[in-house]
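# No letters, just coordinates:
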């Protein structure tokens, strides 16, 4: 049940009737007609912009359209009042029985209430984290992991066929650096003193890898040159790091469907195939790029390279894909990787990158557009930095990675649920302050606690009702007579519940899972407000003296808990049944 979609359908039907009776001219496009919550709830339950968006194409005054539309809408038994406001906005008040229907729908559907078929089964690939396999995940990766995972869950809930994917960057020079660093730990495991020069990875996390390598090969590589051990240790080290990364992701509650190796693109003809596809579209040529904008580097010299005509697909400049020495640029395997995604039949691609990849967005969008003949969309989401604090002061934790705070450090201190929720309390492209003291405090200012406390409060009511011997199962509550839930605080809570299906579709359409966290905070606020009103108005308390009087109140509370549970499920957070 999506009440906003239902009422919009009533608006569209009314507009079509106005066309039929000659009030409106034929041929109008109703696509931009919306029904949404009013900015001020004092103005009504819903508002429509129909008169405003149709006035110009209809060559009519907005108020004239709004007045006629109001009369049509009043004929629907769900609409109690339709009032014209300002230049032509139309505010609607719904009959109180409508809200009972929302609560009933939530109780009958459970956490499927709000699920949408908007995605229509379209195949979406969400690639996220994709950190270099050179060490444990750090706090910056944590934000990308949580955002990508919640986005994937949101899209699944909105009706898409979602694949979660991790791109293993195991084809570049950084993996050689990893191998050399592990070799030093290997020598150390044999009792030798070693020095980590600049450019190597000195983190303690490689100690165990060096010892594991010793256990596997003994002293076979001691004193030997790179030509003997580099390739073997590179593979051994990458496997060890990916196992560590998988463990880190599991600690955060993240499970991938696909781990895709960059290395698999080399020597298999996949890069060449992608470039050939672009050549066939006249998008590859040999040419010379202009010098970089601004100050020209002293060592810059024009040289002919193999270039991709990315400007034909929205990029600022054409991009090199092969160096003058014949080696591929970093962009070439990325083109091949996305070509593979296109060939796998995905309808939409989403890449979650760190903020430092902002300059990569246009070229990747251009590549996907070209490779798919503009049939597959690519949305690139950039995640900004996370700043760590404790009691408002910059906070430095133990750094077993050597140079950064790890994902496991954060999860071990506050838990996966808190970590995930807090990472979604701001839009992903804005910096996030993570205060270890605040995320654990029990107050309204802590959104994690505030939402979990609302769910726990409902659970406590259910336990008390069960102790009385009352049947408070969802089927039983769905049969309760809800017509008596007419207090403004009860109606406000039911109205907020009605927004859930609409919110899911908006968040899914914009790829913004943070909207779920914001909504849950607002919904929890309405539940807490009703609870607190019950301190003064006994008739509002969920637990009344009699079962018959209690069940309608409990039904409203339980419907709220259902939606909170569904929303937390999208965020990857387990709902609390009691607060410790």
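Alright, I've got the coordinates. Quick caveat: nothing in here was measured; it's all calculated off a predicted structure.
# Can you tell me the closest non-neighbouring residue to residue 566?
Once flanking residues are discounted, residue 566 sits nearest to residue 111: 4.0 Å by C-beta to C-beta, 6 or more residues apart in numbering. The C-beta positions use only the backbone N, C-alpha and C, and glycine is treated the same way.
# cool, residue 484 as well?
residue 552 (5.6 Å).
# Confirm the one you found sits in a helix?
Yes - assessed with DSSP: H, G, I helix; E, B strand; the rest coil, residue 552 lies in a helix.
# wait, doesn't it sit right on residue 487?
No - at 11.4 Å, residue 552 and residue 487 do not qualify as touching, with contact defined as C-beta atoms under 8 Å.
# out of these two, which sits in the more crowded spot?
residue 552 (20 against 15; other C-beta atoms under 10 Å).
# Could you find the closest non-adjacent residue to residue 151?
Closest to residue 151 by C-beta to C-beta, 6+ apart is residue 513, at 5.0 Å.
# so who does the one you found touch?
When contacts are counted by C-beta atoms under 8 Å, 6 or more residues apart in numbering, residue 513 touches 147, 150-151, 153-154, 424, 507, 570-571.
# Go through those residues and flag which are in helices.
Judged by DSSP state H, the contacts of residue 513 include 147, 150-151, 153-154, 507, 570-571 as members of helices.
# which of those residues lies closest to residue 521?
Set against residue 521, the nearest of the ones in helices among the contacts of residue 513 by C-beta to C-beta is residue 571 (11.6 Å).
# so where's the protein shaky on pLDDT?
292, 294-300, 397-403 (pLDDT under 70).
# Distance of the residue nearest the centre of it relative to residue 351?
Closest residue to the average C-alpha location of the chain: residue 151 at 2.7 Å, with C-alpha atoms, centre = their mean. Distance, residue 151 to residue 351, using C-beta to C-beta, to the nearest Å: 11 Å.
# Identify the contacts common to the two.
Common contacts of residue 151 and residue 351, defined by C-beta under 8 Å, 6+ apart, comprise 128, 381.
# Where does residue 282 sit, in terms of helix or strand?
Element membership for residue 282, per DSSP states H and E: none, as it lies in no helix or strand.
# do you know how far it is from residue 406?
Distance of residue 282 to residue 406, given as C-beta to C-beta: 47 Å.
# what's the answer for residue 378, then?
According to C-beta to C-beta, residue 378 stands 30 Å off from residue 406.
# And residue 456, by the same measure?
Distance from residue 456 to residue 406, by C-beta to C-beta: 30 Å.
# export the contacts of residue 513 to a markdown table and tack on distance to residue 341?
Listed next are these as a markdown table, based on distance: C-beta to C-beta, whole Å:
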| residue | distance to residue 341 |
| --- | --- |
| 147 | 19 |
| 150 | 21 |
| 151 | 16 |
| 153 | 20 |
| 154 | 20 |
| 424 | 26 |
| 507 | 23 |
| 570 | 24 |
| 571 | 26 |
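# Are any of the residues you listed buried, and if so which?
Taking 16 or more other C-beta atoms under 10 Å as the criterion, what is buried in these is 147, 150-151, 153-154, 424, 507, 570-571.
# mind listing the helices for the stretch 401-550 of the chain?
With DSSP state H, counting those that start in this stretch, the ranges of helices along the stretch 401-550 of the chain come out as 407-414, 416-423, 447-467, 474-478, 488-510, 514-533, 547-571.
# looking at this protein, which residue ends up farthest from its center?
No residue in the chain sits farther from the centre than residue 223, which is 49.2 Å out by C-alpha atoms, centre = their mean.
# and that residue, backbone torsions?
Main-chain dihedrals, residue 223, degrees, to the nearest 10: phi 70, psi 10.
# What about residue 136, how many residues nearby?
Residue 136: 20 surrounding residues under other C-beta under 10 Å.
# Got the domain ranges for the protein?
Per automatic domain parsing, the structural domains of the chain span 3-94, 100-114+442-571, 173-251.
# So for stretch 478-494, what gets flagged as buried?
Across stretch 478-494, burial judged by 16+ other C-beta under 10 Å covers 478, 480, 482, 485, 489-494.
# Tell me the one among the residues you listed nearest to residue 30.
Using C-beta to C-beta, those come closest to residue 30 at residue 494, 28.4 Å.
# contacting residues for that closest one?
Residue 494 is in contact with 99-100, 102-103, 485, 556, 559, counting by C-beta under 8 Å, 6+ apart.
# Next, format these as a markdown table and append distance to residue 140.
Output for the contacts of residue 494, formatted as a markdown table (distance: C-beta to C-beta, whole Å):
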| residue | distance to residue 140 |
| --- | --- |
| 99 | 43 |
| 100 | 47 |
| 102 | 40 |
| 103 | 42 |
| 485 | 46 |
| 556 | 41 |
| 559 | 38 |
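# Just the residues you listed: which are in strands?
Among the contacts of residue 494, the subset assigned to strands under DSSP state E is empty.
# Give me the contacts around the helix or strand hosting residue 11.
Taking DSSP H and E as the definition, residue 11 sits inside helix 3-20. With C-beta under 8 Å, 6+ apart as the contact definition, helix 3-20 has outside contacts at 24-26, 28, 30, 33-36, 46, 48, 50, 54, 65, 68-69, 72-73, 76, 78-79, 92, 94, 98, 101-102, 498-499, 501-502.
# please redo it, this time with the cut-off set to 7 Å
Identification of contacts with helix 3-20 by C-beta atoms under 7 Å, 6 or more residues apart in numbering yields 24, 26, 28, 30, 33, 35-36, 46, 48, 50, 68-69, 72-73, 76, 92, 98, 102, 498, 502.
# what's the answer for stretch 440-457, then?
414, 418, 421-422, 425, 438-439, 517, 520-521, 524, 527-528, 531, 561, 564-565, 575-579.
# Spell out the residue ranges of the strands in the stretch 151-300 of the chain.
Under the criterion DSSP state E, counting those that start in this stretch, the stretch 151-300 of the chain contains strands at 161-168, 258-261, 284-288.
# most neighbours per residue, which of those?
Highest mean neighbour count of the strands of the stretch 151-300 of the chain: strand 161-168, a mean of 21 (counted as mean count of other C-beta atoms under 10 Å).
# so how far is that one from its chain's centroid?
The chain centroid and the centroid of strand 161-168 are separated by 13 Å under C-alpha atoms, centre = their mean, to the nearest Å.
# Quick check: which helices or strands does it pack against?
Helices and strands touching strand 161-168, by 3 or more C-beta pairs under 7 Å, 6 or more residues apart in numbering; DSSP states H and E, are strand 123-127, helix 139-157, strand 258-261.
# Just the angle for the second one relative to helix 416-423, thanks.
Here the directions of helix 139-157 and helix 416-423 differ by 90 degrees (axes from the mean of the first three to the mean of the last three C-alpha atoms, to 10 degrees).
# That concludes my questions; thank you for your assistance.
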